[in-house]
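Engineer: Quick one: sequence and predicted model below, then my questions.
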Amino acid sequence: MVEFGGWDMPVQYPAGTVEEHLRTRTVAGLFDVSHMGEIDVRGADAIPFVNRITSNDVTKLVDGQAQYSTLTTPEGTVVDDLLVYRFTEDRLLLVVNAGTTDKDWEWIRSHHEDERVELRNASAEYCQIALQGPEAIPILQKLTETPLEEIKYYHFSEGEVEGVPAIISRTGYTGEDGFEVYAAPDKAEQLWNKILNAGGYGKPEGVLPCGLAARNTLRLEAGMALYGHEITEETTLLEANLGWICKLNKGDFIGRERLAQQKEEGVKRKLVGFEMTERGIARDDQDVLVDGQKVGRVTSGSPAPFLKKNIGMAYVPVEHTGEGQDIQIDVRGRAIGAKIVKTPFYKRQRQ
């Protein structure tokens, strides 16, 4: 167990990180992510308010749809990344990272102007259990009458799971299909155990409970950003390859002016993926070298259990971002060879 965002979290369960990772890719993994924060936004101006403080276009959402977005600073850097859920025109739910929930809550409250909205930090009102993997639908369908196949990717439905009122969201942080189930926190243990049972936990091809380490290696293989690593208050959305959630034409939002300027001028550094070409594992915060000179920093580095490679992400100057570019990673004083590759490293086969 480790402390994470004010919570005690398991790094891994008895099966171990590699097996948890592989089972999620091939069957299903179960993650307790109840540490995530939830902020409830209600009122006639819920959509214009959230649209002004986030980078994606909230006006494009329909009821029952979610979007990936960020809270941005005036410099176009990232306060946090989040999911925006639209229930109705006047009710949104923002799901934020555990370690930044208090910061995000203060940021959102401090940027509330004259919009007609009611804000509530609802983090204590939800548990969140994520079932991820190719067998997620058949496993979860045993416990709910909600037709899961009908929920599109990044959409959600309100229903019941094992008789417990829940938000069933087709979202996740692993690169696999799957669902994140939000419910009352006192129902977390019941839901956890029922999903494990429904997924045949204990059998060779059954669902496995997964810890923080597998969650990290899965999202890294899928090329997904982690707050505090790939995205921070020092990195802009354009540098982080998140231009696709940066809607400069939607109207004004915090950071828009700086991001529009950066888009016109061009970024000087960019986030890239790399794989090791020599024996060695890149780790977070190690230096990236080109011809022996430091040019950047590893944001995330790890073995990739499913791909059987050692991979990572790093910020480097744009002139060194070409696919196939040779780089070196300073691994404890030794320059180990690597090359820049396209991301995501892993992409699941669509059905």
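Structural biologist: Perfect, thanks for sending it.

Engineer: Would you map the helices across the stretch 1-150 of the chain?
Structural biologist: Along the stretch 1-150 of the chain, counting by DSSP state H, counting those that start in this stretch, helices occupy 17-26, 46-53, 101-110, 136-141.

Engineer: Mind listing residues that contact the last one?
Structural biologist: Yep, that's helix 136-141 we're talking about. With contact meaning Cβ atoms under 8 Å, 6 or more residues apart in numbering, helix 136-141 is reached by 28, 131, 148-149, 161, 168, 176-179, 181, 195, 198-199, 207. The way it works is simple: take the backbone N, C-alpha and C, and place the C-beta from them, glycine included.

Engineer: again, only this time at 6 Å
Structural biologist: 28, 131, 148, 177, 178, 179, 198, 199 (Cβ atoms under 6 Å, 6 or more residues apart in numbering).

Engineer: and what of the first one?
Structural biologist: By Cβ under 6 Å, 6+ apart, the residues outside helix 17-26 that reach it are 29, 132, 133, 174, 208, 210, 213, 214, 217, 218, 305, 306.

Engineer: quick one: contacts for the residue lying closest to the third one once chain neighbours are set aside?
Structural biologist: Spelled out, it's residue 133. Excluding its sequence neighbours, the residue lying closest to residue 133 (Cβ to Cβ, 6 or more residues apart in numbering) is residue 28, at 3.4 Å. Applying Cβ under 6 Å, 6+ apart to residue 28 gives the contacts 131, 133, 135, 136, 139, 199, 207.

Engineer: For the last one, give me the backbone phi and psi.
Structural biologist: To tie it back to what came earlier, the one meant is residue 207. For residue 207, the backbone dihedrals are phi -60, psi 150 (criterion: degrees, to the nearest 10).

Engineer: how close does it get to residue 13?
Structural biologist: Distance of residue 207 to residue 13, given as Cβ to Cβ, to the nearest Å: 11 Å.

Engineer: Name the helix or strand of this protein that has the lowest mean pLDDT.
Structural biologist: When the helices and strands of the chain are compared on mean pLDDT, DSSP states H and E, strand 2-4 comes out lowest with a mean of 67.

Engineer: okay, now the domains of this structure?
Structural biologist: 2-34+126-221, 37-124, 243-341 (automatic domain parsing).

Engineer: what secondary structure does residue 192 sit in?
Structural biologist: Judged by DSSP: H, G, I helix; E, B strand; the rest coil, the three-state class of residue 192 is helix.

Engineer: The nearest residue to it once chain neighbours are set aside - how many residues pack around it?
Structural biologist: Closest residue to residue 192 apart from its sequence neighbours, by Cβ to Cβ, 6+ apart: residue 129 at 5.9 Å. Residues near residue 129, counting by other Cβ atoms under 10 Å, number 24.

Engineer: so what's residue 129 up against?
Structural biologist: Applying Cβ under 6 Å, 6+ apart to residue 129 gives the contacts 181, 191, 192.

Engineer: Against residue 162, how distant is the last one?
Structural biologist: To residue 162, residue 192 is 11 Å away according to Cβ to Cβ.

Engineer: same thing with the second one?
Structural biologist: Using Cβ to Cβ, residue 191 is found at 6 Å from residue 162.

Engineer: Which one's more surrounded, those two?
Structural biologist: For residue 191 versus residue 162, the count of surrounding residues by other Cβ under 10 Å is larger for residue 191: 23 against 19.

Engineer: packing partners for the helix or strand hosting residue 337?
Structural biologist: Take DSSP states H and E as the rule and residue 337 turns out to sit in strand 334-341. Packed against strand 334-341 by the contact rule (3 or more Cβ pairs under 6 Å, 6 or more residues apart in numbering; DSSP states H and E) you find strand 269-276, strand 326-331.

Engineer: how close does the residue nearest to residue 132 when sequence neighbours are not counted get to residue 215?
Structural biologist: Distance criterion Cβ to Cβ, 6+ apart; nearest residue to residue 132, sequence neighbours excluded, is residue 178 at 3.5 Å. For residue 178, the distance to residue 215 equals 12 Å [Cβ to Cβ].

Engineer: So which bits of the strand holding residue 337 are buried?
Structural biologist: Applying a neighbour-count criterion of 16 or more other Cβ atoms under 10 Å, one finds 336, 338, 340 buried in strand 334-341.

Engineer: Also stretch 246-259?
Structural biologist: In stretch 246-259, counting by 16+ other Cβ under 10 Å, buried: 246, 247, 250, 253, 254, 255, 256, 258, 259.

Engineer: contact partners of it?
Structural biologist: Stretch 246-259 has contacts (Cβ under 6 Å, 6+ apart) with 52, 53, 55, 56, 57, 72, 73, 74, 75, 76, 237, 260.

Engineer: now swap in stretch 114-123 and tell me
Structural biologist: With contacts defined as Cβ under 6 Å, 6+ apart, stretch 114-123 is touched by 37-46, 49, 101, 105.

Engineer: Which PyMOL command selects the buried ones in the residues you listed?
Structural biologist: To isolate the buried ones among these in PyMOL, judged by 16+ other Cβ under 10 Å, type:
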select buried, resi 37+38+39+40+41+42+45+46+49+101+105
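
Engineer: Tabulate the contacts of stretch 114-123 (TSV), appending pLDDT.
Structural biologist: Output for these, formatted as TSV (pLDDT from 0 to 100):
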residue	pLDDT
37	97
38	98
39	98
40	98
41	98
42	98
43	98
44	98
45	98
46	98
49	98
101	96
105	98
